[in-house]
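[1] 3D, please:
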Amino acid sequence: MTYGEFLKKAQTEAVKRNLEESAAILLLEEVSGFSSAELYSKMNQPLPEELEKEFFEKYRRYLFFNEPIQYIIGKCCFYGYDFIVTPAVLIPRFETEELVEQILYRYDRYFKGQDVDVCDVATGSGCIGISLNLEEPHMHVVATDISEEALAVAQKNNQKLQAQVTFLQGDMLQPLQHRKFDIFVSNPPYIPEEEEIMPIVKDNEPSIALFGGKDGMKFYRIILENVHCLLKEKAILCFEHAYDKKEQMIQLAHEYFPESRVEVLKDLAGKDRMTFIYVGDFYE
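    From the prediction side, this is the model:
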């Protein structure tokens, strides 16, 4: 059986079970040690038996035991970087890459190469804060999380990717006292407690990183009510949120920052996914 025939068979098995066929590609790259381009070039070559055996030992965990492929291979690509992921952290999503991109764009527009202090609250794997620091070394990033296990993973990513992020353990804003930031970013837990979610997510990813109170807005309220003392005179607040929370985010922003400009951005799927609040003297 060639690499191509084997991959097609594995993808068919995933589709039969309403699973992502892309998992087969990720796992085959992992067990073979090939990049995407290298794997593509070998599609007509025979697959070694030992690779087939190793692949199915891991793939069956995905097919039959509801285990995310990212946890099986121990990593997830985010913004071009391979991040270590374990069941202690949320698996980074593509939508969050768009948040990073939008923050970098606004840094270029409003801070123009200046050194800035950035905070990433509820950092999880560290994917947001580390990516920002790697893409823009003028961003001096502090990242927090309540979970010591999550911060251990984030620290490993920081070392592995040679970033310079400082990590602090504590509940939301608590560990940030006496600090001031130019850019404040958070992708906090935002799924309502009673909302039904896919079993592969509910059964594997940490609930502490998923659920945001009865309406999913708990942590946005906590942040916006208490964040004023952490902001410099000119600062940007950047949030990812559920696609159906645009009006609630605007209402909260106007309640706690009535003099500030509020901007809601759509993701590539056309859904309202990000809210930015501009505090101080920003031109439009």
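[2] any low-confidence regions in the stretch 151-284 of the chain?
    Applying pLDDT under 70 to the stretch 151-284 of the chain picks out residues 205, 283-284.
[3] buried set for the top strand by length along the chain?
    Using DSSP state E to define each element, the chain has its longest strand at strand 231-240. Neighbour-count burial for strand 231-240 flags 231, 235-240 (criterion: 16 or more other CB atoms under 10 Å). No exception for glycine: its C-beta is placed from N, CA and C like everyone else's.
[4] So which residues of the protein form helices?
    Applying DSSP state H to the chain gives helices spanning 3-16, 22-32, 36-41, 49-64, 69-73, 94-110, 127-135, 148-160, 199-202, 218-226, 246-256.
[5] Check which helices and strands the last one is in contact with.
    Okay, so that is helix 246-256. helix 218-226, strand 261-266, strand 272-279 (3 or more CB pairs under 8 Å, 6 or more residues apart in numbering; DSSP states H and E).
[6] Need the winner for burial among the ones you listed.
    strand 272-279 (a mean of 21; mean count of other CB atoms under 10 Å).
[7] Find the centremost residue of the protein, please.
    residue 92 (3.5 Å; CA atoms, centre = their mean).
[8] Domain map for this structure?
    The chain breaks down by automatic domain parsing into domains covering 3-73, 88-279.
[9] Which among the ones you listed is found nearest to residue 81?
    Between residue 81 and those, the shortest gap by CB to CB is with domain 88-279, which sits at 5.6 Å.
[10] any idea how far the closest one is from the chain center?
    Counting by CA atoms, centre = their mean, to the nearest Å, domain 88-279 is centred 9 Å from the centre of its parent chain.
[11] Tell me how many other residues crowd residue 105.
    Number of residues near residue 105 (other CB atoms under 10 Å) recorded here: 10.
[12] any idea how far residue 48 is from it?
    The spacing between residue 105 and residue 48, counted by CB to CB, to the nearest Å, is 45 Å.
[13] Equivalent analysis for residue 192, please.
    The spacing between residue 192 and residue 48, counted by CB to CB, is 48 Å.
[14] what's the answer for residue 142, then?
    Counting by CB to CB - residue 142 and residue 48 are separated by 47 Å.
[15] okay, these two: which has more neighbours?
    Between residue 142 and residue 48, residue 142 has the larger neighbour count (other CB under 10 Å), namely 19 against 11.
[16] ok, now which ones touch residue 188?
    By CB atoms under 8 Å, 6 or more residues apart in numbering, residue 188 lies in contact with 121-122, 172, 212, 219-220, 223, 239.
[17] again, only using 7 Å
    Applying CB atoms under 7 Å, 6 or more residues apart in numbering, we find residue 188 in contact with 121-122, 212, 219-220.
[18] Show me which of those is closest to residue 176.
    Using CB to CB, the contacts of residue 188 come closest to residue 176 at residue 121, 7.8 Å.
[19] Max pairwise distance over the contacts of residue 188: which two?
    Greatest spatial distance in the contacts of residue 188: 121 and 212, 13.0 Å, computed using CB to CB.
[20] the more surrounded of these two?
    Applying other CB under 10 Å to residue 121 and residue 212 shows that residue 121 carries more neighbours, namely 28 against 24.
[21] Would you mind measuring from the nearest residue to the more buried one once chain neighbours are set aside to residue 96?
    Closest residue to residue 121 apart from its sequence neighbours, by CB to CB, 6 or more residues apart in numbering: residue 186 at 4.2 Å. For residue 186, the distance to residue 96 equals 11 Å [CB to CB].
[22] sorry, back to before: same list (the contacts of residue 188) but as CSV, adding distance to residue 260.
    Shown next, in CSV, are the contacts of residue 188 (distance: CB to CB, whole Å):
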residue, distance to residue 260
121, 18
122, 22
212, 23
219, 19
220, 15
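[23] Quick check: of those residues, which lies closest to residue 115?
    Checking the contacts of residue 188 against residue 115 by CB to CB gives residue 121 as the nearest, at 20.4 Å.
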